[in-house]
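A.B. asks: Provided below for reference: sequence and predicted model.
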Amino acid sequence: MIHDRSDVARILDDPDWRVPEAAPGTSPFERLRNEASRFVNGPAHDERRAVLEARLAELDPARLALDAGALAREALAAGVDPSEISRRIPVRTLAAALGVANPESAPENAAMLAGPYASGIVDVADESRVDVAAERLVGASASACRPELDAQLLVQAHAATNGLITSVLRRAVAATDATTAELIDAALRDTPPVTATRRVASSDERSTPSDQAPAPHDADRLVELRLDGPDRDAAPGAPPRLLAFGAGVRRCPASAHAVAIATGVVDALREPAC
Ligand code: HEM
């Protein structure tokens, strides 16, 4: 595990440190991970990443903020609990903007997938429900060519955006005068909602003692990179670097969208009740 943000930033910027790849498989959940950008390296990652960036460029963050705020106010007026609004509205907003069929069902499907998505490990008891959620999310996509990539956007949006909204609302209780933008900046810097990611150590860094020793498997070189650790380069006037959205060629492509949606929801939930 690597804690210091300066070391983590160096690794995230180094293309020799690869992401652990998705295991092959044919179940709907395995196909979703296999077709995503998140678990593939090299030219396949670059190509999928370009498709995602083009798709995200079709979505206007300012529009997403307005839509998320309107949906949050509507839910609040209907008596929905703020924690449930934070959990559902980000994915619901994105799903509608992406033209997904039945956008109101997308949050539950994304929530079912978000847990096992990062590691690929599914509890046996959950297998069939996870596969049904993957089938539904991919099947509802408006993208005829790359439906798995639209589904990936919704799964990746779920926990991280919910986590950001939750931590901002918590901060708002103690800092009623702070603007939502200030609270979001502080939350991203000090308590990022995605606390860690993983890489396979580059061959230069492996600890093979001699040429005779067998090359370690990827699993033996798996490293956890903390995104919320200390930063040895921080100093008075120079806060710790921001790694909440990662860094390098795999940096979150949707940071502007995430911040816009979080702003829309938080602003709605901070409005005084009449
Ligand atoms: C506050 C909310 C969010 C946070 C903190 C966050 C954080 C991150 C981080 C740290 C990574 C890099 C992982 C790595 O390098 O291993 C990442 C990647 C990614 N995120 Fe986000 N994310 C957020 C919201 C979103 C949203 C709303 C979307 C979709 C609309 C999204 C889509 C993606 C995608 C597709 C990738 C993979 C990029 C690639 O494979 O090159 N994220 N995110």
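C.D. replies: All right, it came through fine.
A.B. asks: OK, contacts around the residue in the stretch 1-150 of the chain positioned nearest to the ligand?
C.D. replies: When you check the stretch 1-150 of the chain against the ligand by CB to the nearest ligand atom, the closest residue turns out to be residue 37, at 3.4 Å. The way it works is simple: take the backbone N, C-alpha and C, and place the C-beta from them, glycine included. Listed by CB atoms under 8 Å, 6 or more residues apart in numbering, the contact set of residue 37 reads 45, 48-49, 52, 149, 152.
A.B. asks: any idea which element the nearest residue to it once chain neighbours are set aside lies in?
C.D. replies: In space, residue 37 comes closest to residue 48 once its chain neighbours are excluded; the distance is 3.8 Å by CB to CB, 6 or more residues apart in numbering. In this assignment (DSSP states H and E), residue 48 forms part of helix 42-57.
A.B. asks: helices or strands up against the next helix or strand after that helix?
C.D. replies: Next along the chain after helix 42-57, taking DSSP H and E as the criterion, comes helix 61-77. Contact partners of helix 61-77 among helices and strands, from 3 or more CB pairs under 8 Å, 6 or more residues apart in numbering; DSSP states H and E: helix 82-97, helix 255-270.
A.B. asks: show me which positions of helix 61-77 end up buried.
C.D. replies: Residues of helix 61-77 classed as buried: 61, 64-65, 67-69, 71-73, 75-76 (neighbour count, 16 or more other CB atoms under 10 Å).
A.B. asks: related to what we said a few turns ago, confidence score at the residue of the stretch 1-150 of the chain closest to the ligand?
C.D. replies: Per-residue confidence at residue 37 stands at 98 (pLDDT).
A.B. asks: residue contacts, residue 258?
C.D. replies: 90, 157, 160-161, 164, 245, 252.
A.B. asks: low-confidence stretches in the stretch 101-250 of the chain?
C.D. replies: Along the stretch 101-250 of the chain, the parts satisfying pLDDT under 70 run over 204-219.
A.B. asks: one step back: check the contacts of residue 37 one by one and keep those near the ligand.
C.D. replies: For the ligand, the contacts drawn from those by CB under 6 Å from any ligand atom are 49, 52, 152.
A.B. asks: reformat those residues as a markdown table; add neighbour count.
C.D. replies: Formatted as a markdown table, the ones next to the ligand among the contacts of residue 37 follow (neighbours: other CB atoms under 10 Å):
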| residue | neighbour count |
| --- | --- |
| 49 | 17 |
| 52 | 20 |
| 152 | 25 |
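A.B. asks: mind listing what's buried along the helix holding residue 48?
C.D. replies: For helix 42-57, by 16+ other CB under 10 Å, it's 45, 48-49, 52, 55-56.
A.B. asks: how about residues contacting that helix?
C.D. replies: With CB under 8 Å, 6+ apart, helix 42-57 has contacts from 19, 35-37, 40, 98, 143, 146, 149-150, 152-153, 249-250, 253-254, 257.
A.B. asks: coming back round to it: any chance of the buried residues of helix 42-57 in CSV, plus pLDDT and distance to residue 171?
C.D. replies: Conversion of the buried residues of helix 42-57 to CSV gives the following (pLDDT from 0 to 100; distance: CB to CB, whole Å):
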residue, pLDDT, distance to residue 171
45, 98, 35
48, 98, 35
49, 98, 32
52, 98, 30
55, 98, 32
56, 98, 27
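A.B. asks: residues from the stretch 1-150 of the chain in reach of the ligand?
C.D. replies: Close to the ligand, as judged by CB under 6 Å from any ligand atom, the stretch 1-150 of the chain has residues 19, 37-38, 49, 52, 94.
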